[in-house]
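Chemist: With the input below, show me the fold.
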Amino acid sequence: MALQVELTSARAWTDERMNALFAEGFPAFITGDQEVKQHIGHVRELFGEYNIMLVDDDGEPEATGWGVPISWSSEIRDLPETFARVLERSLETFDASDVADTFVICGAVVSPARKASGVAQALIGALIDTAVTHGLSKVIAPVRPTLKHRYPLQSIDAYAKWVRSDGLLWDPWLRLHVRMGGEVIHLAKKAQTMNGTVAQWEEWSGMELPESGDYVIPGGMALLHIDKSANLGTYVEPNVWIRHR
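Modeler: Have a look, this model is predicted:
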């Protein structure tokens, strides 16, 4: 079945359709990044032309992705330190009327029903094409490794180097990016920091957190640290920087 690429804003989407699309997209605790919350609304308003949807012949959404334009020197040391900093950089570039030359892929979600069907590859390709359409010569992405949550005790340094017997990267999402011409260029060891009360973390994780300490949580790529005396849970998530163009 052929897929059509269109702006997410091209048509109205029901909550039912969007909930189905995002059913396996991101864990609930992703909303705990307070710095991202400060900028995401403004970013969505300014850069809607970089938010795309892949739609099938019946008008069903099969995948969606989005990103932002920034100015980047191509130097590793000039990469944004965090996901929030990516959003800040896009706003700074816009406010200063600087010439953006880089597209940062910020999110990519495939319908659970279309996993392992080639739709993910089509989505990445469509996002790269979006950069080309807007005259952005470089494409980079802070990628959330698909299966890192199964190995929260392993460092991202080690995990990002795991390879299969055929020499390809072990993580399927990283592997797909690389097979499409992407290159791992850096590790974003503190890409996002999620903070919340103990009650919030119990809701997000579906677990009881009876005392202070470190916890393995569902969907967590790293450990959650709970401080009962401060009524605070902190989780720091790593990403992997990949350059496509």
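
Chemist: Could you pick out the longest strand of this protein?
Modeler: The strand that spans the most residues within the chain, counting by DSSP state E, is strand 183-196.

Chemist: Which residues does it contact?
Modeler: Outside of strand 183-196, the residues within contact range by C-beta atoms under 8 Å, 6 or more residues apart in numbering are 29-36, 76, 79, 81-84, 140, 142, 144, 156-157, 160, 169, 174, 178, 204, 232-244. The C-beta positions use only the backbone N, C-alpha and C, and glycine is treated the same way.

Chemist: Mind checking which of the residues you listed are buried?
Modeler: With burial judged by 16 or more other C-beta atoms under 10 Å, the buried subset of the contacts of strand 183-196 is 29-30, 32-33, 35-36, 79, 82-84, 140, 142, 144, 156, 160, 169, 174, 178, 204, 232-244.

Chemist: Inside strands: which ones of the residues you listed?
Modeler: Residues of those located in strands (DSSP E): 140, 142, 232-243.

Chemist: next one: phi and psi at residue 73?
Modeler: The phi and psi values for residue 73, taken as degrees, to the nearest 10, are phi -80, psi -10.

Chemist: ugh, wrong one, I meant residue 92
Modeler: Taking degrees, to the nearest 10 as the convention, residue 92 sits at phi -60, psi -40.

Chemist: now it, nearest residue through space, not along the chain?
Modeler: Distances taken as C-beta to C-beta, 6 or more residues apart in numbering put residue 98 closest to residue 92, at 7.7 Å, once the chain neighbours are dropped.

Chemist: for the protein, longest helix please?
Modeler: Across the chain, the helix with the greatest residue count (assigned by DSSP state H) is helix 119-133.

Chemist: how much does that one deviate in direction from strand 232-243?
Modeler: 70 degrees (axes from the mean of the first three to the mean of the last three C-alpha atoms, to 10 degrees).

Chemist: contacting residues for the closest residue to residue 126 other than its chain neighbours?
Modeler: On the basis of C-beta to C-beta, 6+ apart, the spatially nearest residue to residue 126 that is not a chain neighbour turns out to be residue 5, at 4.7 Å. Remark: with contacts taken as C-beta under 8 Å, 6+ apart, residue 5 is in contact with 52-55, 126, 129.
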